[in-house]
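> one predicted model, sequence on top.
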Amino acid sequence: MSEIFHKDDFFHVMQEQGITLSEWQKQQFSIYKDMLVEWNQKMNLTAIVDEDEIYEKHFLDSILPSFDINIKGSFCDVGAGAGFPSIPLKIVYPELKITIVETLGKRVTFLKALCEALKLDDVACVHARAEDYAKQYRESFDFVSARAVANLPVLSELCIPLVKMNGYFIAMKGANGEEEASLAQKAITTLGCKEVQRNFKTLSDGSKRVNFVYQKVKPTPNKYPRAFAKIKKNPL
Ligand SMILES: C[S@@+](CC[C@H](N)C(=O)[O-])C[C@H]1O[C@@H](n2cnc3c(N)ncnc32)[C@H](O)[C@@H]1O
């Protein structure tokens, strides 16, 4: 990637990956960017408000995992905040069936308005904690992902119970990702997963990304997820 990232580089990277976006998809990204900046004046959605940075650090970053694994079917985004990574993925891959589980009501309000403005079908925005949602919807999704929600030992217990057998948990991590991954090894195995990919990326400012892909090879034992206080106090 170039040293200074411009919005147009986003579309070039997509093309390099064989993804040609229609005018409407480009417009959807533009509407998304505008809504993010506008709503951010009323509520805390993101620290990134520069247009080029939004295209790189939110939009491109969200889509990066799909360059290494074919993301299709049902996709649950735990703690999506302002919609990352699931909404950029949905814009690029309109067939995805998205469920967002987000614990902050104001952000859910933003996400619902966003989905309406972007005319997105098949996006459910659920106001809940992931560990509560898993009581009813465990092992329901082909893919479960999260970015910037919790450290990996904790995040694994929030996300893996929601993954179907043979489905995938994608943990999107930054510079400390590998350290977190070593600490999470026991959690990943206990919850029924094994690592199948570890993908490294670098953004234009040199910041590192590592996206871990774990596959569910055994059902998650019924006692997980525990209540959040227990997960936090005593991570697996
Ligand atoms: C730092 S934000 C990251 C948002 C987004 N994923 C991103 O990368 O920009 C973390 C989000 O996770 C949500 N969250 C934290 N714990 C959660 C849980 N147990 N279940 C669902 N959402 C949770 C928070 O409300 C917050 O919106």
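Perfect, I can see it now.
> which bits of this structure sit near the ligand?
78-82, 84, 101-104, 107, 129-131, 147-149, 158 (CB under 6 Å from any ligand atom). The way it works is simple: take the backbone N, C-alpha and C, and place the C-beta from them, glycine included.
> would you mark the buried spots in stretch 98-108?
The neighbour-count check on stretch 98-108 (16 or more other CB atoms under 10 Å) flags 98-103, 107-108 as buried.
> in the lengthiest helix in the chain, what counts as buried?
Under DSSP state H, the helix in the chain containing the largest number of residues is helix 23-40. Neighbour counts using 16+ other CB under 10 Å place 25, 28-29, 32-33, 35-37, 39-40 of helix 23-40 among the buried residues.
> and Ala82, what element?
Using DSSP states H and E, Ala82 falls within no helix or strand.
> who touches Gln197 in this structure?
By CB atoms under 8 Å, 6 or more residues apart in numbering, the contact set of Gln197 is 68-69, 211-213.
> now the element after the one helix or strand it maps to, going C-ward?
Using DSSP H and E, Gln197 sits in strand 193-202. The helix or strand immediately downstream of strand 193-202 is strand 208-216, counting by DSSP H and E.
> count of residues packed around Asp50?
By the measure other CB atoms under 10 Å, the count of residues near Asp50 is 11.
> against Cys76, how distant is Cys159?
8 Å (CB to CB, to the nearest Å).
> quick one: common contacting residues for the two?
144-145.
> ok, of the residues of the chain next to the ligand, which come out buried?
78-82, 84, 101-103, 107, 129-131, 147, 149, 158.
> tell me the two of those residues that are most distant?
Farthest pair in those (CB to CB) is Ala82 and Glu131. Separation: 21.5 Å.
> ok, which stretches of the chain are strands?
For the chain, the strands defined by DSSP state E cover 74-78, 97-102, 123-127, 141-147, 163-173, 193-202, 208-216.
> need the max-distance pair from the buried residues of stretch 98-108.
Ile98 and Thr103 (17.0 Å).
> can you pull the poorly scored residue ranges out of this protein?
Scanning the chain for pLDDT under 70 picks out the ranges 1-2.
> do that again at 90, thanks
1-4 (pLDDT under 90).
> nearest residue to Tyr137 other than its sequence neighbours?
Distances taken as CB to CB, 6 or more residues apart in numbering put Leu162 closest to Tyr137, at 6.4 Å, once the chain neighbours are dropped.
> so who does that neighbour touch?
76, 78, 130, 133-134, 137-141, 144.
> farthest-separated two in the residues you listed?
Across the contacts of Leu162 (CB to CB), the longest gap, 14.6 Å, separates Val78 and Glu139.
> residues touching Lys223, list them.
Not one residue lies near Lys223 by CB under 8 Å, 6+ apart.
> surely Glu131 touches Lys230?
No - contact criterion CB atoms under 8 Å: Glu131 and Lys230 do not qualify, at 9.5 Å.
> wait, Asn211 sits on Val196?
No - counting by CB under 8 Å, Asn211 sits too far from Val196 to count as a contact (11.6 Å).
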